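In: Give me the fold of what follows.
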Amino acid sequence: MINHFELFGLAQIFNNLKNKKTPNPKFQTNYLYKLVRHPIMLGFLIAFWATPTMTVGHLFFTLITTIYIFIAVKYLEEKDLRKYIGEAYETYQNEVPMIIPFTKK
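Out: All right, here's what the predicted structure looks like:
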C-alpha cells in the first residue's frame, strides 16, 4: 500500500524539519494485495489484452509489455522487495500468487 505523503517525499521533509528519522514503512497486505502481489500490473495486463479489435500493432505492443511486466516484476521488483522487507515478504510470496489470481494452493 502506498502512503502518498511518503511517495511524494512530504513525510521525509516533515520528519527532517523536526530532526526525526523517517521510520521504515510497515509491510501490509490490504484489499487486492491478498489476491495477487502486484494488482496494478494485473490491471495493466487486463487493459492491454481487453480490446475489442486486436490489430497486429496492438498485439505486438501487448506481447512486448506483457513480457516486460513479468520480467521486471519477477527479477527486479521482487528481488528488491525480498532484500528490503525480508522474511515477511518471502512468506507472502509463498502464499499469494504474483499476478494471476487463484493460482496458488
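In: remind me which residues of this protein are low pLDDT?
Out: 1-2, 105 (pLDDT under 70).
In: Please report the distance of the spatially most central residue of the chain from residue 93.
Out: Central residue of the chain (CA atoms, centre = their mean): residue 38, 3.9 Å from the mean position. According to CB to CB, to the nearest Å, residue 38 stands 11 Å off from residue 93. The way it works is simple: take the backbone N, C-alpha and C, and place the C-beta from them, glycine included.
In: and the longest helix seen in the chain, what does it pack onto?
Out: Scanning the chain for the longest helix, with DSSP state H as the assignment, gives helix 56-71. Using 3 or more CB pairs under 8 Å, 6 or more residues apart in numbering; DSSP states H and E, the elements in contact with helix 56-71 are helix 39-49.
In: Export the helix it packs on to CSV, keeping only CA atoms.
Out: Output of helix 39-49 as CSV, limited to C-alpha atoms (Å, rounded to 0.1, in the frame of the first residue of the first chain):
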residue,chain,number,x,y,z
PRO,A,39,-2.6,-5.8,-8.6
ILE,A,40,-1.5,-2.7,-10.5
MET,A,41,0.4,-4.9,-13.0
LEU,A,42,-2.7,-7.2,-13.3
GLY,A,43,-4.7,-4.1,-14.1
PHE,A,44,-2.3,-3.1,-16.8
LEU,A,45,-2.4,-6.6,-18.3
ILE,A,46,-6.2,-6.6,-18.4
ALA,A,47,-6.2,-3.2,-20.0
PHE,A,48,-3.7,-4.2,-22.7
TRP,A,49,-5.4,-7.5,-23.5
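In: so what does it touch, helix or strand wise?
Out: helix 56-71.
In: That concludes my questions; thank you for your assistance.
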